[in-house]
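>>> give me coordinates for this.
(one chain, ligands or ions: 1)
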Amino acid sequence: MPVAETIAQTTNRPAPSQEVVIAVRGLTKVFKDFWGRPKARAVDNVNFEVRRGEVFGLLGPNGSGKSTTVKMLLGLLYPTKGHIEVFNHSPRHVATKSRIGYLPEESYLYRYLNSHETLDFFGNLFRLPGAEREKRAEQLLEMVGLSQTRTRAVGEFSKGMQRRIGLAQALINDPDLVILDEPTAGLDPIGCREVKDLILALARRGKTVILSSHLLSDVEDVCDRVVIYYGGRIQAMGTLQELLAKPDAVRITAPVLPRATMERVLEIIRKDVDESNVRIDNPTQNLESYFLDVVQKARQAAEETSGATSGHKVADYLRGDAEGKPATDKILERLTSSQASSSAPVISSVPQPVEAVDTKKLEALTLPKEPTPQPPAPAKVDVEKTKAELEKANEKLSSLLGNPGKDK
Ligand SMILES: Nc1ncnc2c1ncn2[C@@H]1O[C@H](COP(=O)(O)OP(=O)(O)OP(=O)(O)O)[C@@H](O)[C@H]1O
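Below is the predicted model of the structure:
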């Protein structure tokens, strides 16, 4: 799988359509004991709708009702009360089931089948013709980075490799609705990023994705909307923007500024807000980007691995015209923009006193040698610099894909 993009908000994904794929109303599930006495109210009067092309996150602590909800969406459990429609039908409708791909929390694989046979077996369950099964299996194995281990029994696979084959299995029927329970559990950071990119690629193609995960950063990277459960009830639901925005604070990011400029900026800010409410710091890159950089360098040594390799491009049959902009363009944009801001200090004005302006920090953030104060740079595009950055990013992308020059 290519690294297509990481943060949903930075993608040019079309807005989800108005077509409702899942409608859940008053959904309740009470598990009863042998004598019919209520044992656990796993899901309690839950309502939500998911539209076509949406990536919808199910969040909540252990035992809060996520898996029970998923099992009811799949028609594996009957609701005690309430109503579920998937593609306008009951989840038990056979034709509806054929449009769903499911990656359970634990993959149930036949340990003596190899990865190719595993996919062939599941393709057979969907009555795919032999040639089509063969084609999809090959593409999927390549996509999840398992083509080199296609003849090894899946029982020998590591946890992350089992997750990868499970993901391939969930996609063999080219489903319109993909339900993924902890898809990144056990995966290395590159695998996690590839799975997130795959989810975004599926959504761009108009697939609907339900993602249940405890990894909040994963959810944040890919989900359009999330629901947060506690005790079987929905505690919060909305887009990430709605749930996470802090409308009473602003953040300004800029390249490192001369001390005099910083002083002037602070002077202006102080006129409106108390100094103790202003925080200055350097943005840091996240651990994922740092890790990928380190691995990229290590990979140049081209060490052999008996495990999963980095995945390759999204399987052709899963791609569609709706992909829009090529994946490489997006990663270039992201890499260049993150480079541009890597050394930038952030000034944020927050309502709660976080940290008073620290003169030492301020000094550290300003240029080491006091240059002559420069007037603010005009906002013109430095074509040469942008070109160089693009080339650098392209190299980074090629080595991330382990496929130098191919996507140029
Ligand atoms: N088959 C069952 N019989 C009895 N109780 C059950 C059954 N399945 C789930 N429960 C109970 O329902 C509640 C919700 O469980 P569920 O598996 O849906 O939680 P979850 O949010 O998926 O948790 P986790 O994050 O740990 O996977 C828990 O109290 C659980 O014990």
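
>>> quick check: mean pLDDT of stretch 277-296?
Throughout stretch 277-296, pLDDT has a mean value of 71.

>>> start to end distance for it?
This stretch, stretch 277-296, spans 40 Å end to end (Cα to Cα, to the nearest Å).

>>> next one: stretch 204-220
Stretch 204-220 has an end-to-end distance of 17 Å (Cα to Cα).

>>> okay, buried residues for that stretch please.
For stretch 204-220, a neighbour-count test (16 or more other Cβ atoms under 10 Å) marks 204-205, 207-213, 215, 218-219 as buried. In this view, the C-beta of every residue, glycine as well, is placed from N, C-alpha and C.

>>> include pLDDT, distance to the ligand and secondary structure when you put the residues you listed into CSV, please.
CSV is the format used below for those (pLDDT from 0 to 100; distance: Cβ to the nearest ligand atom, whole Å; DSSP: H, G, I helix; E, B strand; the rest coil):
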residue, pLDDT, distance to the ligand, secondary structure
Arg204, 88, 28, helix
Arg205, 84, 28, coil
Lys207, 90, 23, coil
Thr208, 95, 20, strand
Val209, 95, 17, strand
Ile210, 96, 13, strand
Leu211, 94, 13, strand
Ser212, 92, 7, strand
Ser213, 87, 9, coil
Leu215, 84, 12, coil
Asp218, 85, 14, helix
Val219, 88, 13, helix
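
>>> report the two of those separated the most.
Largest separation among those by Cβ to Cβ: Arg205 and Leu215, giving 23.5 Å.

>>> what residues of the helix or strand containing Asp197 count as buried?
Using DSSP states H and E, Asp197 sits within helix 189-204. The neighbour-count check on helix 189-204 (16+ other Cβ under 10 Å) flags 189-204 as buried.

>>> Val21: which of those residues is nearest?
Nearest to Val21 among the buried residues of helix 189-204, with distances taken as Cβ to Cβ, is Ala203, at 11.8 Å.

>>> please report phi then psi for the closest residue to the closest one other than its chain neighbours.
Take Ala203 and drop its neighbours on the chain: the residue closest to it by Cβ to Cβ, 6 or more residues apart in numbering is Val55, 5.0 Å away. The phi and psi values for Val55, taken as degrees, to the nearest 10, are phi -110, psi 110.

>>> with Pro38 instead?
Torsion angles at Pro38 (phi, psi; degrees, to the nearest 10) stand at phi -60, psi 130.

>>> how about it, what does it touch?
Pro38 sits next to 30-32 when contact means Cβ atoms under 8 Å, 6 or more residues apart in numbering.

>>> would Tyr102 count as being in a helix?
No - counting by DSSP: H, G, I helix; E, B strand; the rest coil, Tyr102 is not part of a helix but strand.

>>> that one: neighbour count?
20 (other Cβ atoms under 10 Å).

>>> residues contacting it?
Contacts of Tyr102 (Cβ under 8 Å, 6+ apart): 74, 170, 178-181.

>>> give me that answer again for 6 Å
170, 179 (Cβ atoms under 6 Å, 6 or more residues apart in numbering).

>>> separation between it and the ligand?
Separation of Tyr102 from the ligand (Cβ to the nearest ligand atom, to the nearest Å): 14 Å.

>>> and if you look at Leu74?
Applying Cβ to the nearest ligand atom to Leu74 and the ligand gives a distance of 13 Å.

>>> same question, Val144
23 Å.

>>> and the closest residue to that residue other than its chain neighbours, what helix or strand is that in?
Distances taken as Cβ to Cβ, 6+ apart place Arg164 nearest to Val144, at 4.1 Å, with adjacent residues excluded. Here Arg164 sits within helix 159-171, counting by DSSP H and E.

>>> quick one on the thing from earlier: ok, the buried residues of helix 189-204 vs Thr284, which is closest?
Nearest to Thr284 among these, with distances taken as Cβ to Cβ, is Pro189, at 16.4 Å.

>>> mind checking how far that closest one is from the ligand?
22 Å.

>>> what of Asn277?
Asn277 sits at a distance of 38 Å from the ligand (criterion: Cβ to the nearest ligand atom).

>>> repeat that for Gly123.
From Gly123 to the ligand the distance is 28 Å (Cβ to the nearest ligand atom).

>>> ok, that residue - how many residues close by?
22.

>>> quick check: closest non-adjacent residue to Ala315.
Ranked by Cβ to Cβ, 6+ apart and with sequence neighbours excluded, the top spatial neighbour of Ala315 is Gln139, at 3.6 Å.

>>> neighbours of the one you found, just the number please.
With other Cβ under 10 Å as criterion, Gln139 counts 22.

>>> for the one 4 residues further on, same thing?
Counted with other Cβ under 10 Å, residues neighbouring Met143 total 26.

>>> just the pLDDT for it.
Listed pLDDT for Met143 reads 84.

>>> residues contacting the spatially closest residue to it that is not a sequence neighbour?
Nearest residue to Met143, sequence neighbours excluded (Cβ to Cβ, 6+ apart): Ala315, at 4.6 Å. By Cβ under 6 Å, 6+ apart, the contact list for Ala315 reads 139-140, 143.

>>> if anything else comes up later, I'll come back, but that's it for now.
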